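Novice: Pasted the sequence and its predicted model underneath.
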Amino acid sequence: MRNRLDLSAYLVLGPENTMGRPVAEIVGAAVAHGFTCVQLRSKTASARELIALAEEAAEVIAAQGKEEKVALLMDDRLDVVLAARMKGIKLDGIHVGQSDIPTEVCRNLLGEEAIVGLSARTVDLLDYARTMDTSHIDYFGAGPLHETATKTDCDRDGEGRVITHSFEALRKLAEISSIPVVVGGGVKVADLPELAKTGVDGFFVVSAVAAAPDPGEAAGELVACWQASRHRG
């Protein structure tokens, strides 16, 4: 899976994002309409609940015959990834922040075939991409593009406003990065044409799909716009 990683349409979700609907139901709708990567992220679910969510999501992806095309990742919880793998659940890797478990530890414990993603403020990623060894990381997650209620731990300026990032900064990151870059944080369909011009490899969303009245329709609209925008670029 690591060699086939497709970040073009990336869904992040947990039970707190789905408006009371099953996580697996949203995952299934998104994957059926072209999403290529799924990250399970929850600050409220227990380890056992996350393992169960991973199993349900993996089953939904496999039922569509896409287990070798759609990566299933877990946010932050290396313990959950290891436990799920021991149970035979196809969880392909982990996504961490720069203040979480070090990426080299994740790589060492999960092995060479696992996917390891890293997110941070765009300015930090610019410095990281220029100076650090990225051989054990598969992609950067950058953002936020806009302020968003689903990401409450964003950096803020002296007046308490969320620090967002320009398309120009993202273009610079894509230009210097030796690994793929995926961008999120309040991303909507209207952002995708300009985002595609930056040269990043994909977008990630939470509420745009997970909280949509029709998640499948919302996912399909995002995927179609991204593909058309990349084609024009």
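Specialist: Done, it's in. Numbers count the residues shown, from 1 in each chain.
Novice: Going along the chain, name the strands of the chain.
Specialist: In the chain, the strands defined using DSSP state E lie at 9-13, 37-40, 71-75, 93-97, 115-120, 139-142, 181-183, 202-205.
Novice: As TSV, the ones you listed with mean pLDDT would be great.
Specialist: Below are the strands of the chain laid out as TSV (pLDDT from 0 to 100):
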stretch	mean pLDDT
strand 9-13	98
strand 37-40	98
strand 71-75	98
strand 93-97	97
strand 115-120	94
strand 139-142	95
strand 181-183	97
strand 202-205	98
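Novice: Let's see the pLDDT reported for A32.
Specialist: With respect to pLDDT, A32 scores 98.
Novice: That one reaches Q64, doesn't it?
Specialist: Yes - using Cβ atoms under 8 Å, A32 makes contact with Q64 at a distance of 6.2 Å. Heads up, the C-betas are built off the backbone N, CA and C, glycines and all.
Novice: Mind checking which of these two has more residues around it?
Specialist: More neighbours surround A32 than the other of A32 and Q64, with 17 against 13 (other Cβ atoms under 10 Å).
Novice: so how far is A219 from the more buried one?
Specialist: According to Cβ to Cβ, to the nearest Å, A32 stands 8 Å off from A219.
Novice: Show residues contacting stretch 103-110.
Specialist: For stretch 103-110, the external contacting residues (Cβ atoms under 8 Å, 6 or more residues apart in numbering) are L78, V81, L82, R85, G93, I94, V96, A114, V116, L118, H136, I137.
Novice: Just the buried ones from those residues, in PyMOL syntax?
Specialist: If you want just the buried ones from the contacts of stretch 103-110 in PyMOL, going by 16 or more other Cβ atoms under 10 Å, the selection is:
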select buried, resi 78+81+85+93+94+96+114+116+118+137
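Novice: could you redo the contacts of stretch 103-110 as TSV and give each row distance to Y10?
Specialist: Below are the contacts of stretch 103-110 laid out as TSV (distance: Cβ to Cβ, whole Å):
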residue	distance to Y10
L78	20
V81	17
L82	23
R85	21
G93	13
I94	14
V96	15
A114	17
V116	15
L118	14
H136	20
I137	16
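Novice: give me the low-pLDDT residue ranges for this structure?
Specialist: 147-165, 233 (pLDDT under 70).
Novice: Where do the helices of it begin and end?
Specialist: Applying DSSP state H to the chain gives helices spanning 23-32, 47-63, 78-86, 103-110, 122-131, 167-176, 192-197, 207-210, 215-232.
Novice: Could you export the third one as PDB, CA atoms only?
Specialist: It stands for helix 78-86. Taking Å, rounded to 0.1, in the frame of the first residue of the first chain, the C-alpha atoms of helix 78-86 are listed here in PDB:
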ATOM      1  CA  LEU A  78       0.200   4.100  17.700                       C
ATOM      2  CA  ASP A  79      -1.100   1.700  20.400                       C
ATOM      3  CA  VAL A  80      -4.400   1.400  18.500                       C
ATOM      4  CA  VAL A  81      -2.600   0.700  15.200                       C
ATOM      5  CA  LEU A  82      -0.500  -2.100  16.800                       C
ATOM      6  CA  ALA A  83      -3.400  -3.600  18.600                       C
ATOM      7  CA  ALA A  84      -5.600  -3.500  15.400                       C
ATOM      8  CA  ARG A  85      -2.900  -5.200  13.400                       C
ATOM      9  CA  MET A  86      -2.500  -7.900  16.000                       C
END
